[in-house]
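S.K.: Got a predicted model here, sequence first, then my questions.
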Amino acid sequence: MSEQDRASALNRRDLLKAAVAAPTVALVQLMPTPAAAAPVPAPTAAAYTPRVFNAHQYKTLYVLSDLIIPADASSGSATQAGVPEFIDDWLNLKNDVLKTEVLGGLTWIDLECNRKFSHDFVNCTEAQQKEILDRIAYPKKAAPEDANAAAAFSHIRDLVLSGFYSSKIGIEDLRYQGNKMLPSWDGCPESALAHLDVNYQEWDSQRS
């Protein structure tokens, strides 16, 4: 199986598990990175006017959102779930510190792309975009001079995940059915336990 096939085979539950188990892990690492120039998606919510981001920042957020959560066989992408709109609305209601960090992170990404590739982030190839994001996707591994940008990217990634999994598309993708009465409880299926790499015996020993 090729690297691209393996990336395509990852389902949204795998992405969510990675985010919950290790929030500093870059989800963009799970994406294939062909050398062709990355297309620049235009914001689809024509009726929505950003209040926190300017037009260029908003387009950059669109690209980042779909790099973090792309569309796959089971559901749509972050932008199809309205994540950029969610982030703009969320930041508009939050304190200025978070806004400053996120906007500063977007500015840093463009500055570094222009310094290295003479293009803004949205006009770089996917390989170039990945090269820049790899520097800030792992805060513990980031160079000291990249620490602030890594912290900002972590905020952006967290906002993308929060927006997606609170959207209609994200909730449907999780197959969440809400609280239901059960006549009995026989424990999690073995397949689910194996997927999470846990077992009841180990759990009981840790509690005792």
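M.R.: Yes, it's here.
S.K.: Now residue 87. Nearest residue, chain neighbours left out?
M.R.: residue 159 (4.8 Å; Cβ to Cβ, 6 or more residues apart in numbering). The C-beta positions use only the backbone N, C-alpha and C, and glycine is treated the same way.
S.K.: Contacts for the biggest helix by length in the chain next, please.
M.R.: Looking across the chain with DSSP state H, the single longest helix is helix 96-117. For helix 96-117, the external contacting residues (Cβ atoms under 8 Å, 6 or more residues apart in numbering) are 52-53, 57, 60-61, 87, 91, 119-121, 124, 128-129, 131-133, 135-136, 148-149, 151-153, 155-156, 159.
S.K.: What are the boundaries of the helices in this structure?
M.R.: Applying DSSP H to the chain gives helices spanning 3-9, 12-21, 55-68, 83-93, 96-117, 126-136, 147-165, 168-174, 190-196, 200-207.
S.K.: JSON lines please, covering those helices and showing mean pLDDT and mean neighbour count.
M.R.: Shown next, in JSON lines, are the helices of the chain (pLDDT from 0 to 100; neighbours: other Cβ atoms under 10 Å):
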{"stretch": "helix 3-9", "mean pLDDT": "42", "mean neighbour count": "12"}
{"stretch": "helix 12-21", "mean pLDDT": "43", "mean neighbour count": "15"}
{"stretch": "helix 55-68", "mean pLDDT": "96", "mean neighbour count": "22"}
{"stretch": "helix 83-93", "mean pLDDT": "94", "mean neighbour count": "20"}
{"stretch": "helix 96-117", "mean pLDDT": "95", "mean neighbour count": "16"}
{"stretch": "helix 126-136", "mean pLDDT": "96", "mean neighbour count": "19"}
{"stretch": "helix 147-165", "mean pLDDT": "95", "mean neighbour count": "21"}
{"stretch": "helix 168-174", "mean pLDDT": "85", "mean neighbour count": "16"}
{"stretch": "helix 190-196", "mean pLDDT": "82", "mean neighbour count": "11"}
{"stretch": "helix 200-207", "mean pLDDT": "64", "mean neighbour count": "9"}
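S.K.: Of all the ones you listed, which one is nearest residue 183?
M.R.: helix 190-196 (19.5 Å; Cβ to Cβ).
S.K.: Now find how far off-centre the closest one is within its chain.
M.R.: 24 Å (Cα atoms, centre = their mean, to the nearest Å).
S.K.: quick revisit: quick one: the residue nearest to residue 87 and residue 196, what's the gap?
M.R.: 26 Å (Cβ to Cβ, to the nearest Å).
S.K.: Against residue 193, how distant is residue 201?
M.R.: For residue 201 relative to residue 193 (Cβ to Cβ), the value is 11 Å.
S.K.: Same question for residue 119.
M.R.: From residue 119 over to residue 193 (counting by Cβ to Cβ), the distance is 47 Å.
S.K.: got it, and residue 72?
M.R.: 25 Å.
S.K.: before we move on, what about residue 143?
M.R.: 40 Å.
S.K.: And for residue 122?
M.R.: 43 Å.
S.K.: Can you give me the neighbour number for residue 51?
M.R.: Neighbour count of residue 51, defined by other Cβ atoms under 10 Å: 10.
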